[in-house]
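**Q** can you look at this prediction? I've put the sequence above it.
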Amino acid sequence: MSQTKVNDARYKAITGRAILYAVLVIVALYYLAPLFLMIVTSFRSMEEIRVGQLIEWPKTFTFDAWAAAWNQVQIGAREDLGLKPYFMNSIRMVIPSVLLSTAFGALNGYVLSFWKFRGSELFFAFLLAGCFLPFQAILLPHSIVLGKMGISGSTLGLVFTHVVYGVAFTTLFFRNYYVNLPGELIKAAKLDGAGFWMIFYRIILPLSTPILVVSIIWQFTQIWNDFLFGVVFSDPNSQPVTVGLNNMVNSTTGEKRYNVDMAGAIIAALPTVLVYVVAGKYFVRGLTAGSVKG
Amino acid sequence: MSGLSIQNVKKSFGQTHILKGIDLEIPDGEFVILVGPSGCGKSTLLNCIAGLEEVTEGRILMGDIDMTYAAPKDRDIAMVFQSYALYPNMNVRKNIAFGLEIRKMPKQEIEEIVDRVAKLLQIENLLDRKPSQLSGGQRQRVAMGRSLARQPSVFLFDEPLSNLDAKLRVEMRTEIKKLHQRLGTTIVYVTHDQIEAMTLADRIAIMRGGEVQQFGTPQEVYDEPANIFVAGFMGSPSMNFLRVEVGGADGQYHVLVASEGHTYKLPSPPTQADLSAYVGKQVILGIRPEQLTHVMPHLESGPFVTKVAVKVEVTEPTGADTLVLTRINDEECECRVHPAEAGKPGEMMDILFNMEKAVFFDSETEARI
Amino acid sequence: MTTHNAQASVLNENKLDGNRMSTSKRSKGIDYWLPKLVLSPTVAITIVFIYGFILWTTILSFTKSRILPQYEFVGFEQYVKLFLNDRWMGALANLAIFGILFIGICMVVGLVFAILLDQNIRAEGALRTIYLYPMALSFIVTGTVWKWIMNPTVGIEKFMHDIGFSGFSFDWIVDPDMAIYTVVIAGIWQSSGFVMAIFLAGLRGIDTSIIKAAQLDGASLFAVYTRVIIPSMRPVFFSAFIMLAHIAIKSFDLIMALTGGGPGNATDVPAIFMYQFSFTRGQLGIGASSAVIMLMGVTAILIPYLYSELRGEKQ
Ligand SMILES: Nc1ncnc2c1ncn2[C@@H]1O[C@H](COP(=O)(O)OP(=O)(O)OP(=O)(O)O)[C@@H](O)[C@H]1O
Ligand SMILES: [Mg+2]
């Protein structure tokens, strides 16, 4: 009697687990399907796609679509072909932007946590509000000012823009990380005779590795994936890869070559996906840093 | 080395006044303990002395030099924090050497000092470890070592032992006392621990609400508390306070207490207080539990001893003594008796009231009479 | 005693001369103004490039600027024009549909899968990685892929026809009435994993002793979640909502890549409207006024959030 009851309960528990895992796996497939489709399609030839199915293993693997997307396809009216010049623009833009905005964020966070002065808390509140700024509210004046500064349509202008509007977030990261460090550490260092820079270099910076990684990854992803600033503030010689991809996909000339589109999409996505795969833990931390407190 | 003179120091954060005029004269080499309830401003005062917070008003002198607005690094003060505040990214050696390095001391001298300090505190074998690899007691030693290395004129300790277990706390207490005797440096030390305060201090400053209530030797503070607050704060278990009426005349005064329907006249020793102005009025009698004992024949005949029959309400054995809670003048009153003599709850027992060290407080001002 | 003497003497020889410094009057050292100096570029940026530009945009919205900014004030004329414009009203309606569905479904999906993943799942790390990777992609990439998948002549519809379901129809992306829902689908695919990550972090942050206590009280697993855990995650819901609302109001790239705002203006949203009127149609005044309305929308959502956030800081 009791034996069957126990078996019953165990049976129920096991089927419950099985259903749970099945659901989780099916959902995982839903998330993976587009990626899988992208990759597979990028290795198929256009003839195959025309006669074949949406999802089908390539009969003959070919890198033609990748080559075309990288440096053969005509995008807009520019002379150098393919996504390559756009990709290079993105790299030239993203590296200084990430480094500068992170450096500013670290210093600001340091001041706002350990060297508070009258008004610094209030300033932080104003900066925090800046994290949620819808950029549409500043696009017009910003483009006017970039023009006045003579850097509109250039990579430099984009770097400037990304640093200016990225600093609020990086400051938030560092400040929220630093306020959880014990303040007595700074007091001890002050009594030991260390000054502002010494404390930063010798005590705070060595403790900042995790948040540095978070900030760099977050900024890299944001700036690499940005489209709005890219499309508004750059000209064909400085457009980032997101703009290039969008132009390529939406160009109306000739036959739609889905394999090339997908290869292009993968090229544009590759750097951030790689970062995600390598340092996903920090990526998640960055995502949740602004939203989940403590 | 130097003494410390704190003159009318006030500190406010915005509209909140935390320190309301602190005056402390601390001669060179004295060990001063700061006690007081949580939030009364002890840490704030230490931070002001160290220069980590700028005072709003008043002066801080070290020796003869006005240090009120000097930067922390120029004050020659070292501080040991409750959390120890060891630099987590540096090993023990680096932690101790950091302050010396910053002051551009030659490498070889730094090494010598680190070695000597390590030997003194018996942490030589820990020098290459990171703080995270140390036990609480070891961290505490390193924190001390870090401040010792600079051999400052003044040490500040902010509850340095409160994160240690009871046994280690006693050990470290002894070591700190020895260290002070060896080095003779001025020390200001914050603690919540009564025993730490009584055993370590040359003088104790009791603070409340940003003011110093009394500043005196441990014995003064214990036997001659300035007011009810100090009397209640120092000593564990705490002093009993009874509202009593004063009677008598011509230098012979007594107070009246009632227990279980009987009223007793307790004589007040003339050396303790002049009660002439209070005859017929109420005062507050302060008497420590150890002055309320079971009947001991050799004491019974003393001039200021009275036998009072009380009803036992609760007993709390502490090992050496048993604390008996009773009701006198309708107020709770604790007596310290020999375990074998303690009555059971509900029973009557005789208690000797020894008034020799009794103190009296004005019931309005709460100051000692 | 000998050790002590030796020690004291060595230390004394090296006696630091800090206490010979005397500072008798209030002097502000380098450490007083250095922090302010370090912070000042950011302060300047914030004042000029955020708050100053918001003000500037607001001013532009009250002028009759067209292709070039000009400062002839016309009161609320641009706002009147804006709200008489069918495209704008359509954009607002689309944003409402997109916003409600996107936020609502993301929250539900995120919460459900956070709870499922919280059941001691073996491959939790791998599954989490899979659910979350779309967040690393650019919305442009997401749009490109889903545009193709949902294209009726080459995507799912054709696929279903090819494998025999000839009655199957999924042509929302070219149907003006349904196109906005394709934006919802792609948006959820990209962002729901992120919501799950937030909720999972929230679930992990709950004091497990509360859960144990509830279980000892005889609560079932379902009751533990609905009565104890989820109510205690209110702040997490709040911040997830804020993040999603923020993404929704700013949504621009996804729609540009997926539908370009079409077919017709069927998937127009305020962000696209603002971009096109300001930068391709030379209607700065209307563009600015639409930007101001967007900002007001974000502010209305944010103020309660910032209020609670800053109050929490104080405690
Ligand atoms: N930076 C500050 N801003 C505002 N108020 C402060 C600040 N620092 C301390 N206070 C307040 O000053 C009061 C005294 O604080 P302090 O840390 O000196 O107390 P304490 O006596 O050391 O207490 P404890 O025994 O708990 O350590 C507290 O009420 C505290 O809230
Ligand atoms: Mg304190």
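**A** Nice, I can see it. Residues are numbered from 1 along each chain as shown, chains lettered A, B, ... in the order given. Ligands and ions are numbered 1, 2, ... in the order given.

**Q** parallel or antiparallel, which strands does the strand or helix carrying B:Ile204 pair with?
**A** Assigned by DSSP states H and E, B:Ile204 falls within strand B:203-208. Using DSSP bridges, the strands paired with strand B:203-208 are strand B:31-35 (parallel), strand B:211-216 (antiparallel).

**Q** deepest in the core, which of the ones you listed is it.
**A** Across the strands paired with strand B:203-208, averaging neighbours per residue (mean count of other C-beta atoms under 10 Å in any protein chain shown) puts strand B:31-35 on top, at a mean of 24. From N, CA and C alone the C-beta is placed, and that goes for glycine too.

**Q** outside of the strand holding B:Ile204 itself, list whatever touches it.
**A** With contacts defined as C-beta atoms under 8 Å, 6 or more residues apart in numbering or on different chains, strand B:203-208 is touched by B:22, B:24, B:26, B:30-37, B:40-42, B:45, B:197-198, B:212-218, B:221, B:229-230, B:233-234.

**Q** show me which of those neighbour ligand 1.
**A** B:Gly36, B:Cys40, B:Gly41, B:Lys42 (C-beta under 6 Å from any ligand atom).

**Q** can you get me a residue count around the residue lying closest to the first one once chain neighbours are set aside?
**A** Right, B:Gly36. Nearest non-adjacent residue to B:Gly36, counting by C-beta to C-beta, 6 or more residues apart in numbering or on different chains: B:Met207, 3.5 Å away. B:Met207 has 22 neighbouring residues, counting by other C-beta atoms under 10 Å in any protein chain shown.

**Q** for the one 3 residues further on, same thing?
**A** Other residues near B:Gly210 come to 23 when the count uses other C-beta under 10 Å.

**Q** test my guess that it contacts B:Pro37.
**A** No. Assessed by C-beta atoms under 8 Å, B:Gly210 is found out of contact with B:Pro37, at 11.3 Å.

**Q** hey, where'd the helices end up in the stretch 1-150 of chain A?
**A** Ranges of helices in the stretch 1-150 of chain A, per DSSP state H, counting those that start in this stretch, are A:2-42, A:46-51, A:64-71, A:84-114, A:120-130, A:136-149.

**Q** for residue 145, give me the pLDDT.
**A** In the absence of a named chain, chain A is used. Per-residue pLDDT puts A:Val145 at 92.

**Q** chain C was what I was after
**A** For C:Val145, pLDDT reads 89.

**Q** equivalent analysis for C:Phe83, please.
**A** pLDDT at C:Phe83 comes out at 90.

**Q** cool, C:Ile47 as well?
**A** pLDDT, C:Ile47: 92.

**Q** what about it, distance to A:Leu100?
**A** To A:Leu100, C:Ile47 is 19 Å away according to C-beta to C-beta, to the nearest Å.

**Q** and those two? which has more neighbours close in?
**A** Neighbours were counted for C:Ile47 and for A:Leu100 using other C-beta under 10 Å; A:Leu100 has more, 19 against 13.

**Q** so that one touches A:Val159, yeah?
**A** Yes. With contact defined as C-beta under 8 Å, A:Leu100 reaches A:Val159; the gap is 7.3 Å.

**Q** contact residues of the stretch 51-200 of chain A facing chain B?
**A** Proximity of the stretch 51-200 of chain A to chain B is confined to A:182, A:184-185, A:187-195, A:198 under the rule C-beta under 8 Å from any C-beta of the partner chain.

**Q** the most centrally placed residue in chain C and chain B, how far apart?
**A** Closest residue to the average C-alpha location of chain C: C:Met243 at 3.5 Å, with C-alpha atoms, centre = their mean. Counting by C-beta to the nearest C-beta, to the nearest Å, the gap from C:Met243 to chain B is 32 Å.

**Q** assumed that residue was part of a strand.
**A** No. Per DSSP: H, G, I helix; E, B strand; the rest coil, C:Met243 lies outside any strand segment and is helix.

**Q** run a quick neighbour tally on A:Gln72.
**A** Counted with other C-beta under 10 Å, A:Gln72 comes out at 15.

**Q** in the sheet, who's paired with the spatially closest residue to B:Gln213 that is not a sequence neighbour?
**A** The shortest distance from B:Gln213 to any non-neighbouring residue, by C-beta to C-beta, 6+ apart, is to B:Ile206 (4.7 Å). Using DSSP bridges, the beta-bridge partners of B:Ile206 come out as B:Val35, B:Gln214.

**Q** I'd say C:Gln283 and C:Lys64 touch.
**A** No. Using C-beta under 8 Å, C:Gln283 is not in contact with C:Lys64, being 10.3 Å away.

**Q** what pLDDT does the model give A:Val292?
**A** 38.

**Q** residue ranges with poor pLDDT in chain A?
**A** Scanning chain A with the threshold set as pLDDT under 70 gives A:1-6, A:52, A:54, A:77, A:252-254, A:285-294.

**Q** could you list the domains of it?
**A** Using automatic domain parsing, the domain parsing of chain A gives A:3-65, A:84-288.

**Q** which residues touch stretch A:225-234?
**A** A:89, A:135, A:139, A:142-143, A:146, A:152-155, A:157-158, A:161-162, A:165, A:239-240, A:242-243, A:246, A:272, C:137-140, C:252-253, C:256-257, C:275, C:279.

**Q** now that stretch - C-alpha only, CSV.
**A** Output of stretch A:225-234 as CSV, limited to C-alpha atoms (Å, rounded to 0.1, in the frame of the first residue of the first chain):
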residue,chain,number,x,y,z
ASN,A,225,25.6,47.7,-31.7
ASP,A,226,24.6,51.3,-31.9
PHE,A,227,22.7,52.4,-34.9
LEU,A,228,21.0,55.7,-34.1
PHE,A,229,24.2,57.8,-33.6
GLY,A,230,25.8,56.0,-36.5
VAL,A,231,23.1,56.8,-38.9
VAL,A,232,22.6,60.4,-37.7
PHE,A,233,26.1,61.6,-37.1
SER,A,234,28.3,59.9,-39.6
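
**Q** please state the offset of that stretch from the chain centre?
**A** 14 Å (C-alpha atoms, centre = their mean, to the nearest Å).

**Q** for that stretch, buried residues please.
**A** Neighbour-count burial for stretch A:225-234, counted by 16 or more other C-beta atoms under 10 Å in any protein chain shown, picks out A:Asn225, A:Asp226, A:Phe227, A:Leu228, A:Phe229, A:Gly230, A:Val231, A:Val232, A:Phe233, A:Ser234.

**Q** ditto for stretch C:54-63
**A** So for stretch C:54-63, counting by 16+ other C-beta under 10 Å, buried means C:Ile54, C:Trp56, C:Thr57, C:Ile59, C:Leu60, C:Ser61, C:Phe62, C:Thr63.

**Q** got the contact list for that stretch?
**A** So stretch C:54-63 is contacted by A:133, A:137-138, A:140-141, C:69-76, C:78-79, C:284-285, C:288-289, C:291-292, C:295 (C-beta under 8 Å, 6+ apart).

**Q** what's opposite the residue of the stretch 251-369 of chain B found nearest chain C in the beta bridge?
**A** The minimum distance from the stretch 251-369 of chain B to chain C, using C-beta to the nearest C-beta, falls at B:Glu316 (30.9 Å). With DSSP bridges applied, B:Glu316 shows beta-bridge pairing to B:Leu323.

**Q** got the residues of chain B near chain A?
**A** Applying C-beta under 8 Å from any C-beta, one finds that chain B approaches chain A through B:47, B:50-52, B:71-73, B:77-79, B:81-83, B:85, B:87-89, B:98-99, B:102-103, B:146, B:150.

**Q** next step: those restricted to helices.
**A** Among those, the ones falling in helices (DSSP state H) are B:Asn47, B:Ala50, B:Phe98, B:Gly99, B:Ile102, B:Arg146.
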